[in-house]
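**Q** The following block contains a protein sequence and its predicted model.
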Amino acid sequence: MTALVASHLTKVIGDRTIVDEVSFELRPGEVFGFLGPNGAGKTTTIRMLVGLIRPTQGTVTVCGYDLRHQFEQAMRCIGCIVENPDLYRFMSGRENLEHFARMLGVAATEIERVAALVNLAHRLDQRVGTYSLGMRQRLGIAQAMLGNPRVLILDEPANGLDPAGIREIRELLRSLAAERGLAVFVSSHLLAEIELTADRVAIIHKGRILRSGTVRELISSQRMMEIRVGEPERAAAILRDRGVELTVEGDDLLAPIEEAAAPPLIAALAESGIAVFHARSRVHTLEEMFLEATGGESVD
Amino acid sequence: MLIPLLQNESLKLLRRRRFAIVLGIMFVILTLVSYSQYRQLKDQRNQNWRAELQERIARYENQLRRGRMNPSWARSMRAEVQRLQFYLDRGINPEQPTAPLVVRTFANAAGFLLLPLLVAVLGSDIVSAENAEGTDKLLLTRPVRRWKILTSKLLTLWLFASLTLLLGALISYAVTAPVLPAGGWDAPTFNGFQISGEAFKLDAVRQLPLWKDALIAYGLEWYALLAVASISLMLSVIFKSSAASIGTMLASLIGGTILTRISPDWTAGKYLFVSALPLPDYYTGQAPPYDGMSMTFCITLLGVWALGALAIAYGLFTKRDVFG
């Protein structure tokens, strides 16, 4: 059962293709990370998911409803924050929540529930203009949680928050997915953040999805053994004789092998009188993988 | 379904303090009016208005008896005698300012610029402020269709435009009644004088009690303000910044007025909505700036402008892509 299906989403403005055939699906209980540098088409994609921008091609289906033709039913399934958590600054947190609760036709008791969920009950009667960014982010999430949506879509929720705030939001999102079975969609240009928050990731660059999969898959496909030795050229020759593909990086030998395969190779090097200083498994971060996938273009 | 949305929009409009500003402006202006009328009233205390009035009536009646005047002049004079006699019988000085007269005059005096401006202030940022503050992204991602959201904004604007007019009338009475005579709602009024060549055209003259006359003038002004509100809504949809939409409305109101004064020969000017805007003035008898502008023409023209503006507003708002 999928909560949201984006199928072949494409947006063309003039002769520029901003989003090109983007497809993915969100599953209940899972945090989906949408990763890409600024200007990659993340926000345009999100705006298509929530009906702010009409796709040139492709469809969005939410809880089985077509977004374009069954807008009201589809949007009842979604809570979202697009870009900044912009709420009415001249009204209090409670008035903001009441405003959106009236649009949904949900009971006033819901307001207390969602405020408690994001730990904001004590500041609810103050004007939003006096809130810190982290509080507005939380109020935004509270607003998005009104009416018990099944899909939560957040655009760069970590933006502008301090490390404590980022961790707080991360834990909240993880618990919403794990305990309430929400399908959570989070976009970010911060790789480390997505790596910690998401179960599955799609990497978008120049409007196209380059890779997608679970975070673990993407990481394990990038596992490397790093062996530092005294005589790298001679050591490389010995290992190549044993059928290992490797590259030499200064004093380091890099080989895509599992940890279990390492001891006999190290023993062989030692028998040949080569000094082995250390051997360790090096996990590529998403960042390195991202740089590789995008051809070395910087993330920010 | 629309009621909660109306509640939301009214709350936001009130919280943005636009309406408070509008009421404040009206209060200040009307207090000044009240003071000046009070000074005029005090100046008149020193004159023997009864004697003057009797003298005027006698003079007109003499002229009427002598005849030798064209029939339309005679009718006009008879109407005037009737009017003056009415005041004399009731012991009211016709030149004397009264609170009901100030209320009645407010419809005309404020109708051609002040009230449209105030409605523009209310309306011009009703959509653009949501764009500017970024809240449109939340408003439009709730399970409510866009046409319903725009309709709630339009109805809210119409509601507050109506309230502006109503409260304008109430404030003008409230600030003048303590210092001017508060009664006189049934005083006769004569409207519809039209100048045709040298002579008055009197066929169109109507005699009505003041309260009825005031109701008609306010009704016409109300209609004109709903049209202004509709056009403001369109500007607010078109422009992303509140300043741009308020500025455009101001420029068209003032620019249109200047245009009709400077180039009265450019007859296409009669199709501008500002030309038709002062409906109460045209009702009272002021000639519209261009030939062929009957009351029906003006009312139809404003209606067409309002409908056109709403068509553009709905078309844009329901279809457009919302970028950051």
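**A** Ah, there it is.
**Q** hmm, stretch A:94-113 in reach of chain B?
**A** Yes. Residues of stretch A:94-113 contacting chain B under CB under 8 Å from any CB of the partner chain: A:95, A:99, A:100, A:102, A:103, A:104, A:105. Every C-beta, even on glycine, is put in place using the N, C-alpha and C of the backbone.
**Q** Outside of that stretch itself, which residues are in contact with it?
**A** A:76, A:87-88, A:91, A:114-115, A:121, A:124-125, A:128, A:139, A:142-143, A:146-147, B:4-5, B:7-8, B:11-12, B:15, B:138-139, B:142-144 (CB atoms under 8 Å, 6 or more residues apart in numbering or on different chains).
**Q** Off-centre distance for that stretch?
**A** 29 Å (CA atoms, centre = their mean, to the nearest Å).
**Q** swap in stretch B:235-247?
**A** Relative to the chain's own centre, stretch B:235-247 is displaced by 23 Å; criterion: CA atoms, centre = their mean.
**Q** Please, a PyMOL command that selects the buried ones among the contacts of stretch A:94-113?
**A** Selection of the buried residues among these in PyMOL, burial being defined by 16 or more other CB atoms under 10 Å in any protein chain shown:
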select buried, (chain A and resi 76+87+88+91+114+115+121+124+128+139+142+143+146+147) or (chain B and resi 4+5+8+11+12+15+138+139+142+143+144)
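**Q** now, which of the contacts of stretch A:94-113 lie within strands?
**A** Among the contacts of stretch A:94-113, DSSP state E puts none in strands.
**Q** follow-up on the earlier one: buried members of the residues of stretch A:94-113 next to chain B into PyMOL, please.
**A** To isolate the buried members of the residues of stretch A:94-113 next to chain B in PyMOL, using 16+ other CB under 10 Å:
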select buried, chain A and resi 95+99+100+102+103+104
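**Q** Wait, a helix at residue B:82?
**A** Yes. Under DSSP: H, G, I helix; E, B strand; the rest coil, residue B:82 sits within a helix.
**Q** tell me the contacts of it?
**A** With contacts defined as CB under 8 Å, 6+ apart, residue B:82 is in contact with B:188, B:207.
**Q** what helix or strand is the residue in the stretch 101-250 of chain A that chain B sits nearest to on?
**A** Taking CB to the nearest CB, chain B has its nearest neighbour within the stretch 101-250 of chain A at residue A:102, 3.9 Å off. Under the criterion of DSSP states H and E, residue A:102 resides in helix A:93-104.
**Q** how about the residues of the stretch 101-250 of chain A near chain B?
**A** A:102, A:103, A:104, A:105, A:143.
**Q** pretty sure residue A:61 is in a strand, no?
**A** Yes. Going by three-state DSSP, the assignment for residue A:61 places it inside a strand.
**Q** ok, it to chain B distance?
**A** Residue A:61 sits 15 Å away from chain B, going by CB to the nearest CB, to the nearest Å.
**Q** Return the per-residue confidence for the closest residue to that residue other than its chain neighbours.
**A** Closest residue to residue A:61 apart from its sequence neighbours, by CB to CB, 6 or more residues apart in numbering or on different chains: residue A:5 at 4.5 Å. Residue A:5 carries a pLDDT value of 96.
**Q** from what I can see, residue A:5 looks like it's in a strand, true?
**A** Yes. Judged by three-state DSSP, residue A:5 forms part of a strand.
**Q** How many residues are close by it?
**A** As a burial measure, residue A:5 scores 14 neighbours (other CB atoms under 10 Å in any protein chain shown).
**Q** shouldn't it be in contact with residue A:63?
**A** No. Using CB atoms under 8 Å, residue A:5 is not in contact with residue A:63; the gap is 10.0 Å.
**Q** who touches both of the two?
**A** By CB under 8 Å, 6+ apart, no residue touches both residue A:5 and residue A:63.
**Q** Distance of the residue of chain A found nearest chain B relative to residue B:238?
**A** As assessed by CB to the nearest CB, chain B sits closest to residue A:86 within chain A, at 3.2 Å. Distance check for residue A:86 against residue B:238: by CB to CB, to the nearest Å, it reads 21 Å.
**Q** Please name the bridge partners of the residue nearest to residue A:61.
**A** Per DSSP bridges, the residues bridged to residue A:5 are residue A:25, residue A:61.
**Q** Which per-residue confidence value corresponds to residue B:180?
**A** Note on residue B:180: pLDDT of 86.
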